[in-house]
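K.L.:
when you get a sec, could you give me coordinates for this:
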Amino acid sequence: MQLVNDSVKRYDIWLISTTLLAAVWFFSVSLQLSGQDNATPNYTQLKYLAPEQDPLTLAQVRSVSEGKWSTVTSPVNLGLNRGIHWFKFEVLPMPSDAGRYYLQVDYPLIERLSVAIYDSASTQPSAVFHTGDANDALKSSLAFNSPVFPLPNSDQFQVVLLSVETSGAVRVPINIWHEKDIIDYSSRKFFILGGFIGFLCAMGLGHLFLFITTRSLSFGYYSGYLICLTLTLVSLHGVGYNYWWQDDSVFQHKSMVLFANLTAMFGIAFASKMLPLSSLHKLLLPALKWISYTFAVFSVLSLVAPYHIMLQTLFITGSAVAVVVFSLSVIHIIRGETIARYLAFGWVFFLFSVVMASADAAALITLPYSPGHILMVGALVETSVLSLVLAIRYAFRRTEIYDAQSRVLEQERQANLAKEKLLQAQQQHRDELEYKVEERTLELEITLRELSETNEELKRLNAIDPLTGINNRRHFDKRLKNEGRRSRREQTYLSLAILDIDHFKAVNDTYGHDAGDECLRHVAALFKGMLHRPTDDLCRIGGEEFAIILPNTEAEGAFHVVESMREKLAESPVKYEGKSINLTMSAGIATGMITNDEQHSTLYKTADEQLYASKNNGRNRVSVKKL
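P.N.:
Residues are numbered from 1 along each chain as shown. So this is what the prediction gives:
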């Protein structure tokens, strides 16, 4: 396919500009995904113990002499090396007043990972963790796409032993984070990963819709390629196992090779559709089709065959096919095929990232960043360039059609002048109609946006008590259920306090309902000002009845908070029309660790019973009960 020189120059400018901008922007953003430069180096003496013929126990590894350990640096990269690999390092003292620290192994593709933490002179571990995509996910770790373990606080050095077993590349980047830092890093990483994955998904769905509307197989194959490439990157970064198919560790173990083979299958089909292979040799197109079918068979085999065999097969066949397809593109470039030049320009970025990641996996080099990040940047740049190539190809074909129609119309202009005018009128009417449709669509979008904003405001107001300005009973019921689920999931204590103003009816009868309303506002403002954690939630659930949800709070802490409120209320009379109204309150507290979906109701019932116990025992007091 030959392009007009002016069009080629214009497309070259667009292609180079898009590529440079995409490469620079994606790479600069991907730098934020690396925790290697951000984590505090709170450990020393990282050492490695080569695999033994017979597996070693923790006690045996703990007693291995220092002479058998070899010093290494993070990130450790041993390539495709099967067996059980042991690592050891010392963690600097972390006193309890320094906050919580976490150990992160920033590589999700590990089948089995065990961590044992020892005090410096102890032979028994103070904590042991097991995780990996061949095991269940670690229950006590933070929500993260790579293994994260809580480190015990200690005023002494601690020794950490890591056991790594995987059929793929052995890569062990080790970071130790303060709790605040890892939360900040994880938020930033999830945001960027979500943006990258969302970009690829949007491009894939966009080309899928183009395929549906145009029936062009080029868009269909490219859509399949983008979707499978996205799933490959999702598996490579551990996002799929942690968030998409977290209950299927077997599928996680196979997913990366499965989706990579499907990516190769669609990529070859796309290349065979874009390149005029029949002009070189009539057997080239059938050959590429059979290679595409072969990768489809590999995709099925990857679900049942050993992982390491299918991974090595993918490396060998994928590399060979990539070289062949790229060589065919170069041949077409030499023959003057402009589209082939654009395709090769797009593929070279992704092939470079694949080569770098493969070299890292084989331990030929050790990249300063995760191979997954390099692959993602290469894929994003390639996606941007190839999408532009598809648009160029489609635009050129459309231009060819328009030019042909123009020539036919020019030849028949004299004989079909009336018809031409009619066509022009129809075209003008069509343009006006399209303009009106676009105008109405824009108005509809604005109206829908305003309606959505109004609905959101109504939802917010529906959860607020109009008298006191705090959350109402509807919000309380929903929040209590959600916090119950979180307590069950994270195995933390949940406290619920129900507070009632003593003799409030007498206040209304003596001073009037306006005074009663002022008392309620006073109490709500007082209680709200004494809650300092953003997770603590104050709600008005009845006339003079309030509730406080205290997540991750044991009974003693809840009692301290509510007792402080009781004392403060007794010391803070309400000033109303020159009168001083003294108020007291009774409260009931229930604390427990939720174990089922209905236990939050039991927590509420228990807190209510404790409230009535406080009232029956003389009022102006706080009663507590643990479940």
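K.L.:
residue closest to the middle of the chain?
P.N.:
When Cα atoms, centre = their mean is applied to the chain, the residue found nearest the centroid is residue 190 (4.2 Å).
K.L.:
tell me the secondary structure at it.
P.N.:
At residue 190 the chain is in helix, as set by DSSP: H, G, I helix; E, B strand; the rest coil.
K.L.:
look up the pLDDT of it for me, please.
P.N.:
On pLDDT, residue 190 comes in at 75.
K.L.:
next one: residue 35
P.N.:
52.
K.L.:
what does the one 3 residues further on give?
P.N.:
According to the predicted model, the pLDDT of residue 38 comes to 47.
K.L.:
cool, and residue 387?
P.N.:
Model confidence at residue 387, given as pLDDT, is 73.
K.L.:
so it makes contact with residue 204?
P.N.:
No - between residue 387 and residue 204 there is no contact under Cβ atoms under 8 Å: 10.2 Å. In this view, the C-beta of every residue, glycine as well, is placed from N, C-alpha and C.
K.L.:
give me the more crowded residue out of the two.
P.N.:
residue 204 (21 against 17; other Cβ atoms under 10 Å).
K.L.:
residues in contact with that one?
P.N.:
Residues near residue 204 by Cβ atoms under 8 Å, 6 or more residues apart in numbering: 223, 226, 227, 230.
K.L.:
returning to what we had before: list residues touching both of residue 387 and residue 204?
P.N.:
Joint contacts of residue 387 and residue 204 (Cβ under 8 Å, 6+ apart) do not exist.
K.L.:
next SSE downstream of whatever helix or strand residue 605 lives in?
P.N.:
Element membership for residue 605 (DSSP states H and E) is helix 599-616. Sequence order places strand 622-626 as the next helix or strand after helix 599-616, per DSSP H and E.
K.L.:
how about that next one, which residues are buried there?
P.N.:
Going by neighbour count (16 or more other Cβ atoms under 10 Å), the buried part of strand 622-626 is 622, 623, 624.
K.L.:
so which of those comes closest to residue 553?
P.N.:
The closest of the buried residues of strand 622-626 to residue 553 turns out to be residue 624 (Cβ to Cβ; 11.7 Å).
K.L.:
so what's that closest one scoring on pLDDT?
P.N.:
Looking at residue 624, the pLDDT reads 94.
K.L.:
might one say that it is in contact with residue 555?
P.N.:
Yes - with contact defined as Cβ under 8 Å, residue 624 reaches residue 555; the gap is 5.2 Å.
K.L.:
ok so, going back, mind putting the buried residues of strand 622-626 into a markdown table with distance to residue 260?
P.N.:
Output for these, formatted as a markdown table (distance: Cβ to Cβ, whole Å):
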| residue | distance to residue 260 |
| --- | --- |
| 622 | 61 |
| 623 | 61 |
| 624 | 57 |
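K.L.:
quick one, strands of the stretch 1-150 of the chain?
P.N.:
Using DSSP state E, counting those that start in this stretch, the strands of the stretch 1-150 of the chain run over 43-49, 70-71, 76-80, 84-91, 101-105, 112-119, 127-131, 148-151.
K.L.:
make a PyMOL selection of the buried ones in the contacts of residue 204.
P.N.:
Selection of buried members from the contacts of residue 204 for PyMOL, criterion 16+ other Cβ under 10 Å:
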select buried, resi 223+226+227+230
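K.L.:
show me the shaky parts of the stretch 151-300 of the chain.
P.N.:
Along the stretch 151-300 of the chain, segments meeting pLDDT under 70 span 239-253.
K.L.:
how about the helices of it, start to end?
P.N.:
Ranges of helices in the stretch 151-300 of the chain, per DSSP state H, counting those that start in this stretch, are 179-214, 217-236, 239, 249-274, 284-301.
K.L.:
nearest to residue 375, out of these?
P.N.:
helix 217-236 (6.5 Å).
K.L.:
buried sites along that closest one?
P.N.:
For helix 217-236, a neighbour-count test (16+ other Cβ under 10 Å) marks 218-236 as buried.
K.L.:
can you tell me the closest non-neighbouring residue to residue 63?
P.N.:
Nearest residue to residue 63 in three dimensions, chain neighbours excluded: residue 123, at 7.8 Å (Cβ to Cβ, 6 or more residues apart in numbering).
K.L.:
can you give me the strands for the stretch 351-500 of the chain?
P.N.:
494-501.
K.L.:
now do stretch 159-169: distance to the chain's middle.
P.N.:
Relative to its chain's centre, stretch 159-169 lies at 24 Å (Cα atoms, centre = their mean, to the nearest Å).
K.L.:
and the helices of the stretch 151-300 of the chain: which comes nearest residue 479?
P.N.:
Closest to residue 479 of the helices of the stretch 151-300 of the chain, according to Cβ to Cβ: helix 179-214, at 21.6 Å.
K.L.:
report the angle between that closest one and strand 101-105.
P.N.:
40 degrees (axes from the mean of the first three to the mean of the last three Cα atoms, to 10 degrees).
K.L.:
just the closest of the buried residues of strand 622-626 to residue 281, please.
P.N.:
residue 624 (84.5 Å).
K.L.:
now the residue lying closest to that closest one once chain neighbours are set aside: which helix or strand?
P.N.:
Leaving aside its chain neighbours, residue 624 sits nearest to residue 589 (4.4 Å; criterion: Cβ to Cβ, 6+ apart). Element membership of residue 589, judged by DSSP H and E, is strand 585-592.
K.L.:
give me the helix or strand of the chain that scores worst on average pLDDT.
P.N.:
Every helix and strand of the chain was ranked by mean pLDDT, DSSP states H and E. The lowest is helix 5-30, at a mean of 61.
K.L.:
point out where the stretch 301-450 of the chain drops to low pLDDT.
P.N.:
For the stretch 301-450 of the chain, counting by pLDDT under 70, the residues that fall below are 332-333, 336-350, 353, 356-374.
K.L.:
okay, helices next: where are they in it?
P.N.:
Under DSSP H, counting those that start in this stretch, the stretch 301-450 of the chain gives helices at 307-334, 338-361, 371-411, 417-462.
K.L.:
ok, which of the ones you listed comes nearest residue 111?
P.N.:
Of all the helices of the stretch 301-450 of the chain, helix 307-334 comes closest under Cβ to Cβ, at 8.1 Å.
K.L.:
which secondary structure elements does that closest one contact?
P.N.:
Using 3 or more Cβ pairs under 8 Å, 6 or more residues apart in numbering; DSSP states H and E, the elements in contact with helix 307-334 are strand 76-80, helix 249-274, helix 284-301, helix 338-361.
K.L.:
relative to helix 284-301, how tilted is it?
P.N.:
160 degrees.
K.L.:
wait, doesn't residue 576 sit right on residue 517?
P.N.:
No - applying Cβ under 8 Å, one finds residue 576 not in contact with residue 517, separated by 9.8 Å.
K.L.:
these two: which is more packed in?
P.N.:
The neighbour count for residue 576 versus residue 517, taken as other Cβ under 10 Å, is higher for residue 576 (18 against 14).
K.L.:
ok, back up a step: for the residue nearest to residue 63, give me phi and psi.
P.N.:
Phi and psi for residue 123, reported as degrees, to the nearest 10, are phi -100, psi -10.
K.L.:
who are the contact partners of it?
P.N.:
If you count contacts by Cβ under 8 Å, 6+ apart, residue 123 has them with 59, 62, 63.
K.L.:
per the record, what domains does this structure have?
P.N.:
43-183, 192-394, 412-461, 473-626 (automatic domain parsing).
K.L.:
residue 400: which of the ones you listed is closest?
P.N.:
Evaluated with Cβ to Cβ, these place domain 192-394 nearest to residue 400, the distance being 10.8 Å.
K.L.:
about what we covered before: list just the nearest of the contacts of residue 123 to residue 563.
P.N.:
Nearest member of those to residue 563, counting by Cβ to Cβ, is residue 62, at 47.5 Å.
K.L.:
for the closest residue to residue 258 other than its chain neighbours, which residues are in contact?
P.N.:
Excluding its sequence neighbours, the residue lying closest to residue 258 (Cβ to Cβ, 6+ apart) is residue 302, at 4.7 Å. Residue 302 makes contacts with 254, 257, 258, 261, 310, as judged by Cβ under 8 Å, 6+ apart.
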